[in-house]
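Peer 1: Sequence and predicted structure, then a few things I'm wondering about:
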Amino acid sequence: MLILKKAYRNVLGLFLLICAPSFIYSDNYPQSFDYTSTEVIANGVSDQEILRDRKIGKKHKKLSYYLYTEDFIKSFIEIPTANVLVDSSTLSSKYLAGRASIYNGRDEKVGTCSASFLCIQNADGIYTDISNYLSVDNGLVVSWFTPTTLINLELDSIIHSMVTECLVIASTKIGFNPYYGKKFNMIVSSDDKKIYFKLSEI
């Protein structure tokens, strides 16, 4: 009887040893790892990519920064503009450039935003071409262009024309840059005092 019990324990131990690896390395992950189809569409990535990233523990980064509008206005320089032809269709023009410190969610100064604004007014209205650059101490460097129209050529109106949503790629590498080559969806918004930059890695 004792011999049978020992044999039974040995067989049971061998069975558990054989089954354990298939359980550990199984692809049957818990329900908590699943994404809804809405989240998949919103992030612009496939189910396979999401599951793969989850398996290797990859996290999609979300970064948030802001600047003070007043700081940007105080830094402005104006580059002189003039019509090339006497009978030019341009009624008025303004070319400005400025920069301001950006801050993170803890109100710490973490980098710089710079932008140049080329404003041209004709009979159809005021068109502005904005070149934007964001440089963060953590290595993130992104640039983007914002073509837009303005109500007037007042400084506040020009600054708030930065508001947009776009895809940006960290394609500039200066020193240490863990974000180099990564793509982000960026939303630029504003209120009476600040310009906000929210980036979500995709």
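Peer 2: That came through, no problem.
Peer 1: in the chain, which helix or strand is least confident?
Peer 2: The least trusted helix or strand in the chain, going by mean pLDDT, DSSP states H and E, turns out to be helix 37-43, with a mean of 36.
Peer 1: pLDDT below threshold where in this structure?
Peer 2: 1-60 (pLDDT under 70).
Peer 1: any chance you could map the helices in it?
Peer 2: 2-24, 37-43, 47-55, 69-75, 155-160 (DSSP state H).
Peer 1: what does the shortest one rub up against?
Peer 2: Outside helix 155-160, the residues within contact range by C-beta atoms under 8 Å, 6 or more residues apart in numbering are 69, 72-73, 76, 94, 96, 117, 119, 128, 150-151, 190, 195. The way it works is simple: take the backbone N, C-alpha and C, and place the C-beta from them, glycine included.
Peer 1: What is the neighbour count of Ala100?
Peer 2: By other C-beta atoms under 10 Å, the residues close to Ala100 number 21.
Peer 1: how near is it to Leu134?
Peer 2: 11 Å (C-beta to C-beta, to the nearest Å).
Peer 1: What of Gln121?
Peer 2: 28 Å.
Peer 1: Compare those two (neighbour count), which wins?
Peer 2: Leu134 (24 against 18).
Peer 1: which residues touch that one?
Peer 2: 65, 102, 111-113, 140-143, 197.
Peer 1: Let's see stretch 145-164 as PDB, backbone CA atoms only.
Peer 2: The C-alpha coordinates for stretch 145-164 follow below in PDB (Å, rounded to 0.1, in the frame of the first residue of the first chain):
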ATOM      1  CA  PHE A 145       3.400  73.500 -39.300                       C
ATOM      2  CA  THR A 146       0.000  75.200 -38.800                       C
ATOM      3  CA  PRO A 147      -1.700  77.000 -41.700                       C
ATOM      4  CA  THR A 148      -4.700  78.900 -40.400                       C
ATOM      5  CA  THR A 149      -6.800  82.100 -40.800                       C
ATOM      6  CA  LEU A 150      -7.100  85.000 -38.400                       C
ATOM      7  CA  ILE A 151      -9.800  87.400 -37.400                       C
ATOM      8  CA  ASN A 152      -7.300  90.200 -37.000                       C
ATOM      9  CA  LEU A 153      -3.600  90.900 -36.600                       C
ATOM     10  CA  GLU A 154      -3.700  91.500 -32.900                       C
ATOM     11  CA  LEU A 155      -1.000  89.600 -30.900                       C
ATOM     12  CA  ASP A 156      -3.400  87.600 -28.900                       C
ATOM     13  CA  SER A 157      -5.200  86.400 -32.000                       C
ATOM     14  CA  ILE A 158      -1.900  85.400 -33.600                       C
ATOM     15  CA  ILE A 159      -0.700  83.500 -30.600                       C
ATOM     16  CA  HIS A 160      -4.000  81.500 -30.200                       C
ATOM     17  CA  SER A 161      -3.800  80.500 -33.900                       C
ATOM     18  CA  MET A 162      -1.300  77.900 -32.700                       C
ATOM     19  CA  VAL A 163      -4.300  75.800 -31.700                       C
ATOM     20  CA  THR A 164      -4.500  72.600 -33.800                       C
END
